[in-house]
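[1] Next come a sequence and a model predicted from it.
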Amino acid sequence: MRLLLCLPRLLALTAGVMVSGCSQPEAHINDTADSGLIVFSATDTNGYFQIYSVKPDGSNKTQLTSQGNNVTPSWVPDNQRIIFASDRSGTREIYLMNDDGSGVSQIETSVVGNKLAPSMSHDLSKIAFAAEDPSIGYLEIWLINADGTAPRPLTSTPKASTGPTWSVFPRFSPDDGKILFASTKSGSSQIWIMNVDGSNQQQLTNGLGQDYPDANAPNWSANGDQIVFWAGFETQYGEIWVMKADGTNPKQLTDETGTISSDNPAWSPDSGKIIFDTTRSGRGRIGVAIWIMNADGSSPTELIVTGSPVPQMSWRP
């Protein structure tokens, strides 16, 4: 995932990383128009990251936030709310809001450090997220009750000898028994899985050839039998892949030349389509766009130009 190394700096408002401006929708895919809203984060005209929603045909782009930087949105399984991270209070904390951006409330927790990529369990009882402990300077995964109480760390990641160190992007399995995540526990970023209490941590990827040594940004399919993810050179470029939930049968879905990257994949509610961000449109970094394709990689179509990196997307379940 080429953007993740930049995220702690990017979300701390580091100059030069942010790109301003978002264009209007450019594509329409009528057969997905009624399949719910897609939420994503991208920069506004002032260079701050905001959360937007858009229909799956690329129409009706709507800005949902306006205070501070707001990133890594994910639909709550009740289908009515969005959970996200925001630095509007100074530190990056976890917030909830309604699907129209109203009713914003902070999930207060004693876990210290900037937080990222929150995800709520399907039974609405727990929240998993990554937090950057100031004493170590990198992200670890935590679990809290939905009201912010009973925090417990799930990962303890050794410092990598080279490159970034993190455990990030926790995702509950459909039955809430497992958590999918990305971690550098084995020395490079790979896809891992663990029980919801942090036990039985198992590595699912270990490089996919010389052009795809790293893996990140995993997401479950609706029934939990497949995982879509990014693989390539961490913090640089790569492609979208899919594999079975046990890590077997990996298949590459996108294939771009040079340093063009396709990243941050997410499933449609029925797992029939996949959205992702990419620079393939040929307009350079400022032309980052969200694309949509069938789950087998066929019929890729540009959905909407974001004009900036898109750290995470989520499709209403």
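    Sure, I can see it. Predicted, not measured: the structure shown is a model, and the values here were computed from it. Residues are numbered from 1 along each chain as shown.

[2] When you work out contacts or count neighbours from here on, use the C-alpha atoms and nothing else.
    OK.

[3] So Tyr237 sits against Thr257, correct?
    No: look at Tyr237 against Thr257 with CA atoms under 8 Å: they stay out of range, at 10.4 Å.

[4] in this structure, which ranges drop under the pLDDT threshold?
    1-35, 281-287 (pLDDT under 70).

[5] thinking again about what came up before, between Tyr237 and Thr257, which has more neighbouring residues?
    Tyr237 (23 against 8; other CA atoms under 10 Å).

[6] quick one: the more buried one from Ile141, how far?
    24 Å (CA to CA, to the nearest Å).

[7] what do you get for Gln252?
    Taken as CA to CA, the spacing of Gln252 relative to Ile141 amounts to 28 Å.

[8] And the two? Which one has more around it.
    Higher neighbour count among Gln252 and Ile141: Ile141, with 28 against 17, using other CA under 10 Å.

[9] The spatially closest residue to that one that is not a sequence neighbour: what's it in contact with?
    Nearest residue to Ile141, sequence neighbours excluded (CA to CA, 6 or more residues apart in numbering): Ala130, at 4.3 Å. Counting by CA atoms under 8 Å, 6 or more residues apart in numbering, Ala130 touches 115-118, 139-142, 167-170.

[10] so can I have TSV of those showing secondary structure and distance to Lys273?
    As requested, the contacts of Ala130 are exported to TSV (DSSP: H, G, I helix; E, B strand; the rest coil; distance: CA to CA, whole Å):
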residue	secondary structure	distance to Lys273
Lys115	strand	29
Leu116	strand	25
Ala117	strand	22
Pro118	strand	23
Leu139	strand	30
Glu140	strand	30
Ile141	strand	28
Trp142	strand	30
Ser167	strand	27
Val168	strand	24
Phe169	strand	21
Pro170	strand	21
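
[11] Kindly indicate which of those lies nearest Asn70.
    The closest of the contacts of Ala130 to Asn70 turns out to be Leu116 (CA to CA; 10.0 Å).

[12] partner residues bridging that closest one?
    Counting by DSSP bridges, Leu116 forms beta bridges with Ala130.

[13] give me the number of residues near it?
    Using other CA under 10 Å: Leu116 sits among 29 other residues.

[14] now Asp100
    15.

[15] ditto for Ser262
    By other CA under 10 Å, the residues close to Ser262 number 29.

[16] tell me the contacts of it?
    230, 237-240, 254, 276-280.

[17] quick one: which of these is nearest Tyr212?
    The shortest approach to Tyr212 among the contacts of Ser262 belongs to Gly238, at 7.0 Å (CA to CA).

[18] buried set for stretch 196-215?
    196, 198, 201, 203-208, 212-215 (16 or more other CA atoms under 10 Å).

[19] Just the ones in strands from these, please.
    If you go by DSSP state E, the buried residues of stretch 196-215 have 203, 214-215 in strands.

[20] Now the residues you listed in CSV, please, with extra columns for distance to Val288.
    CSV is the format used below for those (distance: CA to CA, whole Å):
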residue, distance to Val288
Gln203, 31
Asp214, 22
Ala215, 20
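
[21] so, if you compare the residues you listed, which one comes nearest to Gly101?
    Nearest to Gly101 among these, with distances taken as CA to CA, is Ala215, at 32.2 Å.

[22] Could you measure from that closest one over to Thr91?
    Distance of Ala215 to Thr91, computed by CA to CA: 28 Å.

[23] what does Pro164 give?
    To Thr91, Pro164 is 22 Å away according to CA to CA.

[24] cool, Gly187 as well?
    Distance, Gly187 to Thr91, by CA to CA: 29 Å.

[25] again with Asp246
    36 Å.

[26] try Asp44
    According to CA to CA, Asp44 stands 20 Å off from Thr91.
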